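Chemist: here you go, sequence then predicted model.
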Amino acid sequence: MKRLLTTLLVYLFINSYNLNSQTIYSVDKWMEYIEEMASETEDEAQIENLYSDLSYLSEHPFELNSVTETELKRLPFLSDQQINSLLAYRVKYGKLVTLYELKNVEGMDFSTISLLLPFVYIGDISVNKRPFSVKNMLKYGSNELQIRYDKCFQQKKGYCSYPDSILQQYPNRKYLGEPFYHSLRYSYTFDDRLQWGMVAEKDAGEPFWNNHHKGYDFYSVHLFFKDMNKWLKTLAIGDYKVSFGQGLVISNDFTPGRSSIVAQAERRSNGFRRHFSTNENDYFRGVASTLVLKQIYISLLYSYRKLDAGVDNYEVSTFKTDGLHRLERDWEKKHTVPMQTYGGNVHYTTSNLSVGFTALSYSFGKYQVQPDPKPYNLFYFRGNDNIDISVDYMFKTKKIKFYGETAMSSNKAVATLNAIRLTPVSYFSLLLLHRYYDKKYQAFFGNAFGQHSSVQNEQGFYTGMQWTPFARFKLSAYADLFRFPWLKYGVDAPSSGQEYMVQLDYNSGKNFTTYLRYKY
């Protein structure tokens, strides 16, 4: 994680020379936000995805007088309350003349405004989209190339020289490749409606150009169309990400920590997005599309990938998800098990109500998933295929919002998450959230709110509060009470716990921010 943060800091420092002081301040705030997210997770891939998404949005900012609710929801630091207040302000007072008007929007504190500045501007509203033509694509398209190279100066044991006799007896003692990390990422974008890109990566220790292997270890290509006409919302070809509902069935979304969400734990269902990351595990490969029929959104997906896994006689004991292929045993597990996934989501939405239905089926060809039997994994998925279905729902008024999702897997086990958010006044919000994930529930792609890494074997009640008594002060607090009805890895009995946090933020509005946090 430190290596990733250092890389991001250096990148932002280099690109800050040509920026004015206001932009530099905004970039600093944006970086602080990423650092805060990174401090609450060990998943570097999620932080990389977050950085990639925000970097793209900062280079393609929204026009503040025409930006939509859906577009604003792509900014994870904006709460629903702040989004609604901004849109209501625009309706009541008309077009914003200057960005300084943001301080007049109810619920917009100085910290949020400074985070928002790199992603919005005030200018001409373009009503007509540029037609697709070679001339326009060459003139208005943007290209981005990122090259990264890392090398550790301290030699690790995996790069030491050993006699052939030792390597014959212990083949996994020495790395197969060179001691450097290298990645290449290229992206072309046209008016936020067409995105094409590719990613190539090798990790340190993986062979790049020797007798064992030639080329990068991982390649990814995507072609993504968005808002092409009134009925084609998105079309993804190649590698893409998927998120529906609250993540009980499927979600590739970034998962912020509790200290960051406090009163905003709702997953914003993003449908399909491009996969533009070096993450070798958390994505789909195939084709996906969302069609729009008035207020009904129909999303369909198909994916076929080969996963890394430990296999013995067509039985899968473990899945390998770190993406590292440095040793002989790593190459023995590389791309051994095929996985075919198909499904979709039908979603009806209005300004105050939405209902969606998700179904997902996945199978592993002729292979059977059979993890080594242990007491803690008694209820893990076993078999060749599985189907997950769910219903997600949302209803809101001006001061109350209720949302949730209820899902079922093939074995008829249930998972449900339901929450209500109260906003009696613009400067105060309260969230009450209950979750119940049956110990037998099985969702390979599930990624929902919780203490556990998977959507299984967890029950809990979370309450979060956010109060902004003054523009420069913000008080946040939460309490999370949870229990695990069955055993967990490393815990030989059912267990329970609690987590509490109180934080006071102060923003002077003059390039100075500080906060005081207590967490238990």
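Modeler: It's in.
Chemist: mind listing what's buried along stretch 76-90?
Modeler: 76-86, 89-90 (16 or more other C-beta atoms under 10 Å). C-beta: built from backbone N, CA, C; applies to glycine.
Chemist: over to stretch 196-214?
Modeler: Buried-residue list, stretch 196-214, by 16+ other C-beta under 10 Å: 196-208, 213.
Chemist: same check on stretch 39-57?
Modeler: So for stretch 39-57, counting by 16+ other C-beta under 10 Å, buried means 41, 43, 45-57.
Chemist: from these, pick the one nearest Tyr500.
Modeler: For Tyr500, the closest of those turns out to be Thr41, at 19.2 Å, with distances computed as C-beta to C-beta.
Chemist: among the buried residues of stretch 39-57, which ones are in strands?
Modeler: With strands defined by DSSP state E, no entry of the buried residues of stretch 39-57 lies inside them.
Chemist: about what we covered before: tell me the two of the buried residues of stretch 196-214 that are most distant?
Modeler: Longest span within the buried residues of stretch 196-214, C-beta to C-beta: Trp196 and Gly205, 30.7 Å.
Chemist: contact partners for the residue nearest in space to the middle of the chain?
Modeler: In the chain, the residue lying closest to the centroid (C-alpha atoms, centre = their mean) is Phe254, at 2.2 Å. Contact partners of Phe254, counting by C-beta atoms under 8 Å, 6 or more residues apart in numbering, are 37, 46, 49-50, 53, 76.
Chemist: what about 10 Å?
Modeler: 37, 41, 43, 45-51, 53-54, 76, 243, 447 (C-beta atoms under 10 Å, 6 or more residues apart in numbering).
Chemist: just the endpoints, please. Distance across stretch 395-404?
Modeler: 10 Å (C-alpha to C-alpha, to the nearest Å).
Chemist: what sits up against it?
Modeler: Residues outside stretch 395-404 that contact it (C-beta under 10 Å, 6+ apart): 80-81, 84, 88, 245-246, 248, 265-267, 350-355, 391-394, 416-426, 429, 431, 433-435.
Chemist: buried ones among those?
Modeler: If you count burial by 16+ other C-beta under 10 Å, the buried members of the contacts of stretch 395-404 come out as 80-81, 84, 245-246, 248, 265-267, 354, 391-394, 416-421, 423, 426, 429, 431, 433, 435.
Chemist: so which strand or helix has the residue of the chain most remote from its centre?
Modeler: Among the residues of the chain, the one whose C-alpha is farthest from the average of all C-alpha positions is Ser165, by C-alpha atoms, centre = their mean at 46.4 Å. According to DSSP states H and E, Ser165 maps onto helix 164-169.
Chemist: out of the buried residues of stretch 39-57, which sit inside helices?
Modeler: By the criterion of DSSP state H, membership of those in helices covers 45-57.
Chemist: Phe218: which of these is nearest?
Modeler: The nearest member of these to Phe218, counting by C-beta to C-beta, is Ala45 at 12.0 Å.
Chemist: show me how far stretch 104-111 is from its chain's centre.
Modeler: The chain centroid and the centroid of stretch 104-111 are separated by 26 Å, computed with C-alpha atoms, centre = their mean, to the nearest Å.
Chemist: so which of the contacts of stretch 395-404 are in strands?
Modeler: Secondary structure of the contacts of stretch 395-404 is defined by DSSP E; positions in strands are 353-355, 391-394, 416-425, 429, 431, 433-435.
Chemist: about what we covered before: turn the buried residues of stretch 76-90 into JSON lines, columns for distance to Gly107 and pLDDT.
Modeler: Below are the buried residues of stretch 76-90 laid out as JSON lines (distance: C-beta to C-beta, whole Å; pLDDT from 0 to 100):
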{"residue": "Pro76", "distance to Gly107": "16", "pLDDT": "85"}
{"residue": "Phe77", "distance to Gly107": "13", "pLDDT": "86"}
{"residue": "Leu78", "distance to Gly107": "10", "pLDDT": "88"}
{"residue": "Ser79", "distance to Gly107": "8", "pLDDT": "84"}
{"residue": "Asp80", "distance to Gly107": "10", "pLDDT": "83"}
{"residue": "Gln81", "distance to Gly107": "5", "pLDDT": "83"}
{"residue": "Gln82", "distance to Gly107": "5", "pLDDT": "88"}
{"residue": "Ile83", "distance to Gly107": "9", "pLDDT": "90"}
{"residue": "Asn84", "distance to Gly107": "9", "pLDDT": "87"}
{"residue": "Ser85", "distance to Gly107": "5", "pLDDT": "90"}
{"residue": "Leu86", "distance to Gly107": "9", "pLDDT": "93"}
{"residue": "Tyr89", "distance to Gly107": "10", "pLDDT": "93"}
{"residue": "Arg90", "distance to Gly107": "14", "pLDDT": "93"}
